[in-house]
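Chemist: model this:
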Amino acid sequence: MDNLLNGTDEAFTTTEFDYDSIVTPCQAKAVQNFGSNVLPTLYSLVFIFGLLGNMLVVLILIKYKRFKSMTDIYLLNLAISDLLFIFSLPFRIYYAANDWVFGDAMCKIHSGIYFLGFYSGSFFIILLTIDRYLAIVYAVFALKARTVLYGIITSIITWILALLASSPGIVFYMEQMENDRKTCSSHFPLQSHFAWNKFFTLKLNFIGLIFPMMVMTFCYARIINTLLRCRNEKKNKAVRLIFIIMIVYFLFWAPYNIVLLLQLFQSALSLDKCDNLSSLGVAVQVTETLAVAHCCINPVIYAFAGEKFRKYTMIFFRKHGGHRLPKYCGFLYREPLERTSSTYSHSTGEQDISAVL
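Modeler: Model (predicted):
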């Protein structure tokens, strides 16, 4: 889409409202030109790498791990969330360079899938963080709490919450004419368009960035403190991975959320001139693409970073990829095949470092 969460007034018109009196021609032209020339290539790259990575995660989980833990359940659901993002990209690739030609019903479905993938992805990243927190900080309690059954129950609840959070996007997005171009964009009542815009943007900022970072900061700080007190040769790798997870998440999602806030409060920040509006419109498209690209990174930092997952991936490639594949996928072969991650020991009470690695 041109801009799923457009903070300017252009996305919040009614059929009786004169859209041309709101949107400046330079703003619409600059955004459309950038979208036509750059976005199809960027979305295509995200589609290819995201599809391959997340489908591989699903395949390994089903074929080898077979959902033996709560972590496996959450990894599967996170991959499904990312795939929802990815399956919406072919429509976005076409729409970036052309009018929306798929009809009003498909507009609602497409928007719903996009928002459902976004909110569920954020929720499952939070659940994976809490899962690691329980496994390391409360290892004994985690033996009873981190079960497959609880993982399935919490996953069902999470999908329901994500669907509820996505419902305004399904209700208010529709096909309409804007600046002589058929678009798929939000269509709020004129009397309350700013209130809905503010609610949409602040909700996305809170669920997509602020709340996950709060949970990550608290949980990973406790995890690091616990790891530093235990005698385990893998703790340094675990600590590094924790910092990578937090930094990568922040770098991919913070720019998009910041630009949305700037766009929401453009008048108060004196950013409502034509040049500024054009720059903000392009910035939203760039940062939104960066945020969507996080679905390509999730398989690497949440699945392939684990020794067991790398082991199963190596087995899969050796079985189906012949003997030449290790030459091109050496990162999968850093650990001996027979080596496995450490697990919780009833006799020593050692923390489950494999929950982080």
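Chemist: quick one, strands of the stretch 101-250 of the chain?
Modeler: Defined through DSSP state E, counting those that start in this stretch, the strands belonging to the stretch 101-250 of the chain, from first to last, are 173-178, 181-186.
Chemist: any chance of a markdown table for those, columns mean neighbour count and mean pLDDT?
Modeler: C-betas here are computed from N, CA, C, even on glycine. As requested, the strands of the stretch 101-250 of the chain are exported to a markdown table (neighbours: other Cβ atoms under 10 Å; pLDDT from 0 to 100):
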| stretch | mean neighbour count | mean pLDDT |
| --- | --- | --- |
| strand 173-178 | 18 | 85 |
| strand 181-186 | 21 | 84 |
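Chemist: format the ones you listed as TSV; extra columns: distance to Leu204.
Modeler: What follows is the strands of the stretch 101-250 of the chain, written out as TSV (distance: least, Cβ to Cβ, whole Å):
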stretch	distance to Leu204
strand 173-178	14
strand 181-186	12
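Chemist: from Ile244, how far out is Met213?
Modeler: When Cβ to Cβ, to the nearest Å is applied, the distance between Met213 and Ile244 equals 15 Å.
Chemist: nearest to Val101 among the strands of the stretch 101-250 of the chain would be which one?
Modeler: Proximity to Val101, assessed across those by Cβ to Cβ, is greatest for strand 181-186 (7.0 Å).
Chemist: on that earlier part again, out of the strands of the stretch 101-250 of the chain, nearest to Val259?
Modeler: Closest approach to Val259 among these is made by strand 181-186 (17.0 Å; Cβ to Cβ).
Chemist: for that closest one, packing partners?
Modeler: Other helices and strands packing on strand 181-186, by 3 or more Cβ pairs under 8 Å, 6 or more residues apart in numbering; DSSP states H and E, are helix 103-137, strand 173-178.
Chemist: quickly compare those and say which is most buried.
Modeler: helix 103-137 (a mean of 21; mean count of other Cβ atoms under 10 Å).
Chemist: what angle sits between it and strand 181-186?
Modeler: Computed by axes from the mean of the first three to the mean of the last three Cα atoms, to 10 degrees, the angle separating helix 103-137 from strand 181-186 equals 40 degrees.
Chemist: can you classify Ala268 as helix, strand or coil?
Modeler: Local secondary structure at Ala268 is given as coil here, using DSSP: H, G, I helix; E, B strand; the rest coil.
Chemist: could you tell me how many residues sit around it?
Modeler: 8 (other Cβ atoms under 10 Å).
Chemist: how close does it sit to Val259?
Modeler: On the measure of Cβ to Cβ, Ala268 and Val259 end up 15 Å apart.
Chemist: check Leu127 too.
Modeler: Shown here: Leu127 relative to Val259, a distance of 27 Å by Cβ to Cβ.
Chemist: let me see the ranges of the helices in the stretch 1-150 of the chain.
Modeler: With helices called from DSSP state H, counting those that start in this stretch, the stretch 1-150 of the chain shows them at 25-37, 39-60, 70-87, 89-97, 103-137, 139-145, 148-172.
Chemist: helices or strands next to the fourth one in the packing?
Modeler: Read it as helix 89-97. Taking 3+ Cβ pairs under 8 Å, 6+ apart as the contact definition, the neighbouring helices and strands of helix 89-97 are helix 25-37, helix 39-60.
Chemist: then the last one?
Modeler: Applying 3+ Cβ pairs under 8 Å, 6+ apart, one finds that helix 148-172 makes contact with helix 70-87, helix 103-137, helix 193-205.
Chemist: can you redo these as a markdown table with distance to Leu277 and mean pLDDT?
Modeler: What follows is the helices and strands packed on helix 148-172, written out as a markdown table (distance: least, Cβ to Cβ, whole Å; pLDDT from 0 to 100):
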| stretch | distance to Leu277 | mean pLDDT |
| --- | --- | --- |
| helix 70-87 | 27 | 91 |
| helix 103-137 | 23 | 91 |
| helix 193-205 | 15 | 82 |
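Chemist: you'd agree Ser88 is up against Tyr114?
Modeler: Yes: at 5.0 Å, Ser88 and Tyr114 qualify as touching, with contact defined as Cβ atoms under 8 Å.
Chemist: the nearest residue to Gly117 once chain neighbours are set aside - how many residues pack around it?
Modeler: In space, Gly117 comes closest to Leu84 once its chain neighbours are excluded; the distance is 3.3 Å by Cβ to Cβ, 6 or more residues apart in numbering. A count of neighbours around Leu84, defined by other Cβ under 10 Å, yields 21.
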